[in-house]
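Colleague: Quick one: sequence plus predicted model below, questions after.
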Amino acid sequence: MNLERYLFLGEEVSAARRNGRPLVALESTIISHGMPYPENVKTALAVEDIVRARGAVPATIAILGGKIVAGLSPAEIDELGKTGQSAAKVSRRDIPAALAGKKPGATTVAGTMIAAQLAGIEVFATGGIGGAHRGAQHTFDISADLSELARTSVAVVCAGAKAILDIGLTLEILETLGVPVISYRADDFPAFYTRSSGFKTGCRLDSPIEIARLLRCKWDAGLAGGVVIANPVPAEFEADPAMIEKAISLALGEADKLGVTGKRITPYLLEKIAHATGGKSLETNIALIKANASLAAEIACGLGA
């Protein structure tokens, strides 16, 4: 890849690279497709400040003007927030079209992982990873995030897989792909809005330094690919599991009736769930993203220690 032609590092990110400071990648679909304006922009800027407060440098990633941009400016974040779902949702397969078309593209987990690796960033904070959708054994609707985790050496700090998914099947696929899954200070794998999905991960670590050590051992041993670091939402912001499951079931039923599929399904469901929970899910979403950014920054600092 011609990096000078297709990759642009923001000023703060470029300075961090020169000075050897720890970096944390942040995705942009959460800005364009995950929340309404202006909460999306307010949250994105707050998350960047949390990363800085923990001693690392944030790199919010998107595709703008035919380039992969690692380190959006506040003005670019605001513009992307206003663009909202009109921005392309960019995963691995969509990157060539987004670059060639020179139109705004918000990167998914997979897209952000690719960009982060190109920019030399090892740790990435997001809300929740994609995975196998409910009924995937019939539809084969499985997020490209999972295959990206198997091939791209970036650690992903998340609140588990999105609750709208089949979490058990998602974990089975990650195991098959050889992707380590770590639960942070917990035994269970979280379910995004709630602290437990009822599934175990088999690997619990209780400090950012322990996680950083595992990451370094994996990559130094030549074992390419990512790692899922599952960080349960803070207890005080956990949503009621019964309320969330009821909202998901209703939203899935409506989506099926309307034929909502593919890239449209996740933002559609999140919007419906937010409405059904009276905004509680959005509050939880914001809290878990902030918590993930804080942990990701501590891990990034640990990798550089």
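Modeller: Structure's in. What do you need?
Colleague: Can you pull out the low-pLDDT segments for the stretch 1-150 of the chain?
Modeller: Applying pLDDT under 70 to the stretch 1-150 of the chain flags residues 1-3.
Colleague: pretty sure Glu122 is touching Val156, no?
Modeller: No - with contact defined as C-beta atoms under 8 Å, Glu122 does not count as touching Val156 (10.6 Å). For every residue, glycine as well, the C-beta is placed using N, CA and C.
Colleague: Between those two, which has more neighbouring residues?
Modeller: Neighbour comparison, Glu122 and Val156: the larger count goes to Val156, with 29 against 23 (by other C-beta atoms under 10 Å).
Colleague: how near is Ile61 to Glu48?
Modeller: Per C-beta to C-beta, to the nearest Å, Ile61 is found 12 Å from Glu48.
Colleague: got the contact list for Ile173?
Modeller: Gly131, Ala132, Ile142, Leu146 (C-beta atoms under 8 Å, 6 or more residues apart in numbering).
Colleague: Which residue comes closest to the second one once chain neighbours are left out?
Modeller: Which is Ala132. What sits nearest to Ala132 in space, not counting adjacent residues and going by C-beta to C-beta, 6 or more residues apart in numbering, is Leu169, at 4.1 Å.
Colleague: for the host helix or strand of that neighbour, what is the average pLDDT?
Modeller: When elements are assigned from DSSP states H and E, Leu169 belongs to helix 167-177. In this model, helix 167-177 has an average pLDDT of 97.
Colleague: what about the next helix or strand after that helix, distance to the chain center?
Modeller: Moving toward the C-terminus from helix 167-177, the next helix or strand (DSSP H and E) is strand 181-184. The chain centroid and the centroid of strand 181-184 are separated by 15 Å, computed with C-alpha atoms, centre = their mean, to the nearest Å.
Colleague: who does strand 181-184 pair up with?
Modeller: Its sheet considered, strand 181-184 pairs with strand 204-205 (parallel), strand 227-230 (parallel) by DSSP bridges.
Colleague: what about the longest one, average pLDDT?
Modeller: Yep, that's strand 227-230 we're talking about. In this model, strand 227-230 has a mean pLDDT of 98.
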